[in-house]
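Participant: Sharing a model that was predicted from the sequence below.
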Amino acid sequence: MISFNTLNLFLVDLLSFLPDKLVFTISGLIMSVAICTFLIGLGSVYTWFERRVIARFQNRSGPNRWGPFGILQPIADAVKLLIKEDIIPATADKMVFIAAPIIFLCTTLLVYAFLPLGIDSQLGNINVALLFVLGITSVNALSVFMAGWASRNKYATLGAIRAVAMLISYEVPMAISLMGIVMVSQSLSLVGIVNAQSNIPFIILQPLGAITFMIAAIAEMSRAPFDMIESESELIGGYITEYAGMKFAVFQLSEFLAPIFTASLFTVLFLGGSNPLKFLEFLPIPGILWFASKSFVITAILLWFRSTWPRLRIDQIMGFAWKVLMPAAILNTLLVGLELVFIRDNYILQIIINMLIFVVFIYLIANILGQKRLKLKEPVPSELANMDA
Amino acid sequence: MEEYSIYFERYGYFSLFFVVALLVPAGMLFASFLFKIIGIRKDNPTPVKTDIYEAGIRTFSSQWSGFNFRYYTFAMMFLIFDVEVIFLFPWAASFIKLNDAYGLIVLIEMFIFIGVLILGWFLAWKQKAMEWI
């Protein structure tokens, strides 16, 4: 079985002639470099994948010149951005301007530190990993604001202010929607949460929490339909307006890593991580492949959302976070609490109740928030528009 | 050996990973800087180039001019509900243990706590704190 721990033990055995501290430092460094290199490569390939898939949705070809199916396109992009002139505005705050992309990519990579990619396949296993992930994702708001503020550009500042308002709003329902799975698994460590899903994945047990987390996570990584932060038609590029060359590449790379990270987190929290599907347990597939295939399905679904839904207005986005997602997340928490007190061992009844309330909630929201606004007035033709006269 | 193993598994590997994750983007920017020194990358800033982008016109006022900051109500609400999240996590993480020890009162207390916050949430909605003003 391939796992990080076997790799770690192998490295520790190999270097056992050295002092203890040095052995662990070297093996930790090797594993960290391996993870970072893998993630950067994955992000680069994902840029190609996303562009191809979006092109297919829009009935285009997408990048197809370099290599088979255009798969060498990320390398061409990297070379182009590396030799492009890198302009820093004369009025910009240079230290903060340069620090912002570094902090952005660093925090995006750090999320993977405690994510269990398979059985015994995580860099570290701490008992508050869930809190760590929630904390480290909210640092993104800080680096976006640093970038926008340091640019001394009006568009960038507006984009940064919007970004902070949106990111902190969706932070709250995202955290409260996770309360249900913490209550059922009685653990804040991601390994404990994965182990608690060996029978039933939490997406079946708590569909309301899962959908709330999914929507809030899409908003947290600020992609369509929530891409208010860099809405091209209004704010040029938002906080990224003044960035060029390699700094722009670092920002883009971390933005393209965000969907991969969101899919991984959703897999760990709601789809059972590296646990095999119940009816396919007999297949000899290692856990890390289960994890990868589940994450890939979620990534494809995120791409589907991105390419088919129109962008929302900023007031709709902010209202949606506080008026719809907040009550949904709190309802989920209280429901799970009641179920754990009265019908803790009856999983079938829990699933039926939760599914029913999920469907009723979605129906009510769609009818209260959706239908009323759609009733437009009959257009009254102006007298001046009479072309026959 | 065993002692180091537990310690390193928890925090040592993470601090190493933090250093590596910080060095990766810094190294990318440093590579770009090296390319400039070698002369592969052009670097010829002129006053027009280093001016900030303003949709084609020359910049005529400072960026520090006033902005209508309409989001402060969201910031205040975020503060309140994020503190709620901090209180909820330890309660949720030990809910079953507490419930077996003290019974239904554990859930009822949290109902009261969330109920007070829900009242505040209704007040905020009523006062149009969640709208674009």
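Facilitator: Good, I have the coordinates.
Participant: Distance check, B:Lys49 against A:Ile88.
Facilitator: According to Cβ to Cβ, to the nearest Å, B:Lys49 and A:Ile88 sit 10 Å apart. All C-beta atoms are positioned from the backbone trio N, CA, C, and that covers glycine.
Participant: centre of the chain versus the longest helix anywhere in chain A, how much separation?
Facilitator: Assignment by DSSP state H gives helix A:20-57 as the longest helix of chain A. Distance of helix A:20-57 from the chain centroid (Cα atoms, centre = their mean, to the nearest Å) equals 16 Å.
Participant: Tell me which other helices or strands that helix touches.
Facilitator: Applying 3 or more Cβ pairs under 8 Å, 6 or more residues apart in numbering or on different chains; DSSP states H and E, we find helix A:20-57 packed against helix A:4-14, helix A:73-82, helix A:94-110, helix A:245-270, helix A:287-308, helix B:2-7, helix B:13-38.
Participant: Show me which residues of that helix are buried.
Facilitator: By neighbour count on 16 or more other Cβ atoms under 10 Å in any protein chain shown, the buried set for helix A:20-57 is A:23-32, A:35-36, A:39-40, A:43-44, A:46-53, A:55.
Participant: Could you chop chain B up by domain?
Facilitator: B:1-66, B:70-133 (automatic domain parsing).
Participant: Out of those, name the one with the poorest average pLDDT.
Facilitator: Per-stretch mean pLDDT for the domains of chain B is lowest at domain B:1-66 (a mean of 77).
Participant: What helices and strands are in contact with the helix or strand where A:Ile168 lies?
Facilitator: Applying DSSP states H and E as the criterion places A:Ile168 in helix A:154-177. Applying 3+ Cβ pairs under 8 Å, 6+ apart, one finds that helix A:154-177 contacts helix A:129-137, helix A:139-150, helix A:207-220, helix A:232-235, helix A:314-320, helix A:326-342, helix B:72-93.
Participant: Which of the ones you listed comes out lowest on mean pLDDT?
Facilitator: Across the helices and strands packed on helix A:154-177, the lowest-scoring stretch is helix A:232-235, with a mean of 65.
Participant: Apart from its chain neighbours, what residue comes closest to A:Thr308?
Facilitator: A:Phe57 (6.9 Å; Cβ to Cβ, 6 or more residues apart in numbering or on different chains).
Participant: Contacts only, for the nearest residue to A:Ala76 once chain neighbours are set aside.
Facilitator: Leaving aside its sequence neighbours, A:Ala76 sits nearest to A:Trp66 (Cβ to Cβ, 6+ apart; 5.2 Å). Neighbouring residues of A:Trp66 by Cβ atoms under 8 Å, 6 or more residues apart in numbering or on different chains: A:Leu72, A:Gln73, A:Ile75, A:Ala76.
Participant: can you count the residues close to the first one?
Facilitator: Taking other Cβ atoms under 10 Å in any protein chain shown as the criterion, the count of residues near A:Leu72 is 14.
Participant: residues contacting it?
Facilitator: A:Trp66.
Participant: Can you tell me how far it is from chain B?
Facilitator: According to Cβ to the nearest Cβ, to the nearest Å, A:Leu72 stands 19 Å off from chain B.
Participant: do the second one as well
Facilitator: The span separating A:Gln73 from chain B equals 18 Å under the rule Cβ to the nearest Cβ.
Participant: and what of the last one?
Facilitator: If you measure A:Ala76 against chain B using Cβ to the nearest Cβ, the figure is 16 Å.
Participant: confidence score at that residue?
Facilitator: pLDDT, A:Ala76: 89.
Participant: do the same with the second one
Facilitator: Among the per-residue scores, A:Gln73 shows a pLDDT of 87.
Participant: dump the residue contacts of it.
Facilitator: A:Thr47, A:Trp48, A:Arg51, A:Pro63, A:Arg65, A:Trp66, A:Gly67.
Participant: neighbours around the fourth one, how many?
Facilitator: What that stands for is A:Pro63. The number of residues near A:Pro63, taken as other Cβ under 10 Å, comes to 19.
Participant: Mind checking what secondary structure it has?
Facilitator: coil (DSSP: H, G, I helix; E, B strand; the rest coil).
Participant: wouldn't it be in contact with A:Glu50 here?
Facilitator: No. Between A:Pro63 and A:Glu50 there is no contact under Cβ atoms under 8 Å: 10.6 Å.
Participant: Tell me how many other residues crowd residue 80.
Facilitator: No chain in the question, so chain A it is. 11.
Participant: Please refer instead to chain B.
Facilitator: Neighbours of B:Ile80 (other Cβ under 10 Å): 13.
Participant: again, but for B:Leu34
Facilitator: 12.
Participant: From chain A, how far off is it?
Facilitator: Distance from B:Leu34 to chain A, by Cβ to the nearest Cβ: 10 Å.
Participant: Can you lay out the domains of chain B as JSON lines showing distance to A:Ile126?
Facilitator: Shown next, in JSON lines, are these (distance: least, Cβ to Cβ, whole Å):
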{"stretch": "domain B:1-66", "distance to A:Ile126": "5"}
{"stretch": "domain B:70-133", "distance to A:Ile126": "14"}
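Participant: before we move on, the earlier item: from the contacts of A:Trp66, which single one is nearest A:Val336?
Facilitator: A:Gln73 (45.4 Å; Cβ to Cβ).
Participant: any idea how far that closest one lies from B:Pro25?
Facilitator: A:Gln73 is 21 Å from B:Pro25, by Cβ to Cβ.
Participant: same deal with A:Gln252?
Facilitator: 12 Å.
Participant: So those two - more neighbours on which side?
Facilitator: Taking neighbours as other Cβ under 10 Å, A:Gln252 and B:Pro25 compare with B:Pro25 leading, 26 against 17.
Participant: do you know how far the more buried one is from chain A?
Facilitator: 4 Å.
Participant: now that residue: how far from A:Tyr243?
Facilitator: From B:Pro25 to A:Tyr243 the distance is 13 Å (Cβ to Cβ).
Participant: What of A:Leu105?
Facilitator: 13 Å.
Participant: between these two, what contacts are shared?
Facilitator: With Cβ under 8 Å, 6+ apart, A:Leu105 and A:Tyr243 have common neighbours A:Phe251.
Participant: who's more crowded, these two?
Facilitator: Between A:Leu105 and A:Tyr243, counted using other Cβ under 10 Å, A:Leu105 has the larger neighbour count: 28 against 23.
Participant: Tell me which residues touch the more buried one, please.
Facilitator: A:Leu105 touches A:Val250, A:Phe251, A:Leu253, A:Ser254, A:Leu257, B:Ala21, B:Val24, B:Pro25, counting by Cβ under 8 Å, 6+ apart.
Participant: for the second one, what are its contacts?
Facilitator: Looking back up the chat, that one is A:Phe251. Going by Cβ under 8 Å, 6+ apart, A:Phe251 touches A:Pro101, A:Phe104, A:Leu105, A:Ala147, A:Ile240, A:Tyr243.
Participant: same thing with the third one?
Facilitator: Counting by Cβ under 8 Å, 6+ apart, A:Leu253 touches A:Ile40, A:Gly43, A:Ser44, A:Thr47, A:Leu105.
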